[in-house]
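Novice: Just need the structure, nothing else, for what follows:
(one chain, ligands or ions: 1)
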Amino acid sequence: MAENLNVFRSTQVIIEEALTKLGYSQAMIELLKEPIRVLTVRIPVRMDDDSVKIFTGYRAQHNDAVGPTKGGVRFHPDVTEDEVKALSIWMSLKCGIVDLPYGGGKGGIICDPRQMSFRELERLSRGYVRAISQIVGPTKDIPAPDVMTNSQIMAWMMDEYSRIREFDAPNFITGKPIVLGGSHGRETATAKGVTIVIDQALKTRGISIKDAKVVIQGFGNAGSYLAKFMHEAGAKVCGISDVHGALYDPDGLDVEYLLDRRDSFGTVTKLFSNTISNKELLEQECDILVPAAIENQITSENAERIKAGIVVEAANGPTTLEATRILTERGVLIVPDVLASAGGVVVSYFEWVQNNQGYYWPEEEVHQRLKEVMEKGFENVYNVHITRKVDMRLAAYMVGVRKMAEAARYRGWV
Ligand code: GLU
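Specialist: Got it, this is the predicted structure:
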């Protein structure tokens, strides 16, 4: 049978398994295996050549039993409704694992921002907010950046929402520029969070970060800052990649040079002739492999050939269920996406809290709090993995889903 590459279906499988292990009813499974609300919108955008292009976008809200829903908006040509639905469930799990007072949400627009001008992107971002404005808001559903969206896009979206509501609403969206109420440390938060769980994972294996060889797939927001932090911590960054290809050197790459030459979409390998493919990169010798790009990268096809002892998922959904089974059987420690990449939403939560208070924290305070939250999240998941003898992904789902299920139960929904 062909391997299941539909991330929504595979997420449903593990949600069901996690809730069953925790002893919840079939009704609870039915409630939590689908988002409570999914909106599809069509957004007309005036292009620079005066033509009008109609874009399709989505906003999915998984569950609001715990509190308002929260999660990013991605701009990508391959966005699908199922993907956005799966991503909204993953956001719920992330918020559960790091104990934030949110449920999960996610948005996406089918588009290629690399082919669009600055003004076209502005019109698309504003059009999306107008289209979803009825179901979002500071106490309903709070968007944020995701794949190929950034603080400028968040600024336009915040401005559009504030105009619609006729009051200034910095707490409508997170990942904003600092001058518009963004938080210190938000831009680097996902990578910082990954760094913290890598430290924890290495401790369980008795490896020092200074002896560790790291391969990072993807050089976007998470991948590039992670390369920087790993390099600064004394690890050897042996591999990196972007959409065009990958670079690998067992003696370590010149990380500072690569960061310097990277463009705003995270591409850098085009400058080199000695590249290998993304696929080949995953199979290179290293201690820690960090998929920080897109879904379904480690599958039943290549899982046997992965040489890393630790796989830390900075991207959402990079490893299939079958690959998870193979890697776990081979003794590879997986730090699953819903834990490893939760740093972004943690600092988004701090940003929202600061916006609500109108009082802003210094960068050190953000880092310190992020560290505490991520370490606790790792410990909780790792303990369930050991005590309940389940793989790390199922352990993460069990930790992540519990608060939501309890909240739904207390509210009398199930
Ligand atoms: N898009 C990020 C994620 O997938 C961050 C979401 C947020 O900050 O709300 O976790």
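
Novice: can you pull the pLDDT of the closest residue to the ligand within the stretch 1-150 of the chain?
Specialist: Closest contact between the stretch 1-150 of the chain and the ligand, by C-beta to the nearest ligand atom, is at G72 (2.7 Å). Any C-beta I mention is one placed from the backbone N, CA and C, and that applies to glycine too. G72 carries a pLDDT score of 98 in this model.

Novice: what does M1 give?
Specialist: pLDDT recorded at M1 is 61.

Novice: Regarding the residue of the stretch 1-150 of the chain closest to the ligand, what are the backbone dihedral angles?
Specialist: phi -80, psi 180 (degrees, to the nearest 10).

Novice: quick one: contacts for it?
Specialist: Residues in contact with G72, defined by C-beta atoms under 8 Å, 6 or more residues apart in numbering, are M91, K106, G107, P143, A144, P145, D146, V147, T149, G175, G344.

Novice: Most neighbours among the residues you listed, which one?
Specialist: If you count neighbours using other C-beta atoms under 10 Å, the busiest of the contacts of G72 is K106, which has 33 neighbours.

Novice: can I assume that one is in contact with G57?
Specialist: No: using C-beta atoms under 8 Å, K106 is not in contact with G57, being 11.3 Å away.

Novice: What is the three-state secondary structure of L39?
Specialist: With DSSP: H, G, I helix; E, B strand; the rest coil as the basis, the three-state label of L39 is strand.

Novice: An error on my part: the question was meant for A2.
Specialist: On the three-state scheme (three-state DSSP), A2 is labelled coil.

Novice: That one - how many residues pack around it?
Specialist: A count of nearby residues for A2, using other C-beta under 10 Å, gives 5.

Novice: Give me the nearest residue to E304, chain neighbours excluded.
Specialist: What sits nearest to E304 in space, not counting adjacent residues and going by C-beta to C-beta, 6 or more residues apart in numbering, is I326, at 6.2 Å.

Novice: Just the CA coordinates for the helix or strand harbouring that neighbour, please, in CSV.
Specialist: Using DSSP states H and E, I326 sits within helix 321-329. Extracted C-alpha coordinates of helix 321-329, given in CSV (Å, rounded to 0.1, in the frame of the first residue of the first chain):
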residue,chain,number,x,y,z
LEU,A,321,4.1,8.1,10.3
GLU,A,322,5.8,5.2,8.7
ALA,A,323,9.2,7.0,8.9
THR,A,324,8.5,7.8,12.5
ARG,A,325,8.1,4.1,13.2
ILE,A,326,11.2,3.1,11.3
LEU,A,327,13.4,5.8,13.0
THR,A,328,12.0,5.0,16.4
GLU,A,329,12.7,1.3,15.9
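
Novice: neighbours of the residue of the stretch 151-300 of the chain found nearest the ligand, just the number please.
Specialist: Going by C-beta to the nearest ligand atom, the ligand is nearest to T174 of the stretch 151-300 of the chain, at 5.4 Å. A count of nearby residues for T174, using other C-beta under 10 Å, gives 30.

Novice: Please name the residues that touch it.
Specialist: I142, P143, A144, M154, G182, S183, R186, S348, Y349, E351, W352.

Novice: how about the residues of the stretch 251-400 of the chain near the ligand?
Specialist: Within the stretch 251-400 of the chain, the positions near the ligand by C-beta under 6 Å from any ligand atom are N316, S341, G344, V345, S348.

Novice: Break down the stretch 301-414 of the chain into its strands, ranges please.
Specialist: Using DSSP state E, counting those that start in this stretch, the strands found in the stretch 301-414 of the chain span residues 310-312, 333-335.

Novice: give me every residue that touches V129.
Specialist: V136, M157, E160, Y161, I164.

Novice: Give me the average confidence score over stretch 301-318.
Specialist: Average pLDDT, stretch 301-318: 97.

Novice: Phi and psi next, for the closest residue to I178 other than its chain neighbours.
Specialist: Nearest non-adjacent residue to I178, counting by C-beta to C-beta, 6+ apart: H184, 6.8 Å away. The phi/psi pair for H184 (degrees, to the nearest 10) reads phi -60, psi 140.

Novice: Could you verify my assumption that H184 touches P362?
Specialist: Yes: using C-beta under 8 Å, H184 is in contact with P362, at 6.7 Å.

Novice: Show me which of those two is the more surrounded one.
Specialist: Each of H184 and P362 has its neighbours counted (other C-beta under 10 Å); H184 has more, 20 against 10.

Novice: okay, the more buried one: pLDDT?
Specialist: Looking at H184, its pLDDT reads 98.

Novice: same thing with L100?
Specialist: pLDDT, read off for L100, is 98.

Novice: Just confirm it is within a strand.
Specialist: No: counting by three-state DSSP, L100 is not found in a strand; it is coil.

Novice: Ignoring the adjacent residues along the chain, who's closest to it?
Specialist: Distances taken as C-beta to C-beta, 6+ apart place Y349 nearest to L100, at 4.8 Å, with adjacent residues excluded.

Novice: What of A323?
Specialist: Excluding the flanking residues, the one nearest A323 by C-beta to C-beta, 6+ apart is A303, at 4.0 Å.

Novice: burial of that neighbour, as a residue count?
Specialist: 22.

Novice: what's the distance between it and the ligand?
Specialist: Distance from A303 to the ligand, counting by C-beta to the nearest ligand atom, to the nearest Å: 24 Å.

Novice: My read is that that residue contacts P318, right?
Specialist: No: with contact defined as C-beta under 8 Å, A303 does not reach P318; the gap is 11.6 Å.

Novice: In contact with the residue nearest to T319 when sequence neighbours are not counted, which residues are there?
Specialist: Setting aside the residues directly before and after it, T319 is nearest to I298 in space (C-beta to C-beta, 6+ apart), at 4.3 Å. I298 sits next to L282, P291, I306, V311, P318, T319, T320, A323, L327 when contact means C-beta under 8 Å, 6+ apart.

Novice: where along the stretch 1-150 of the chain do the helices fall?
Specialist: Listed in chain order, the helices of the stretch 1-150 of the chain (DSSP state H, counting those that start in this stretch) span residues 7-21, 26-32, 81-97, 118-132.
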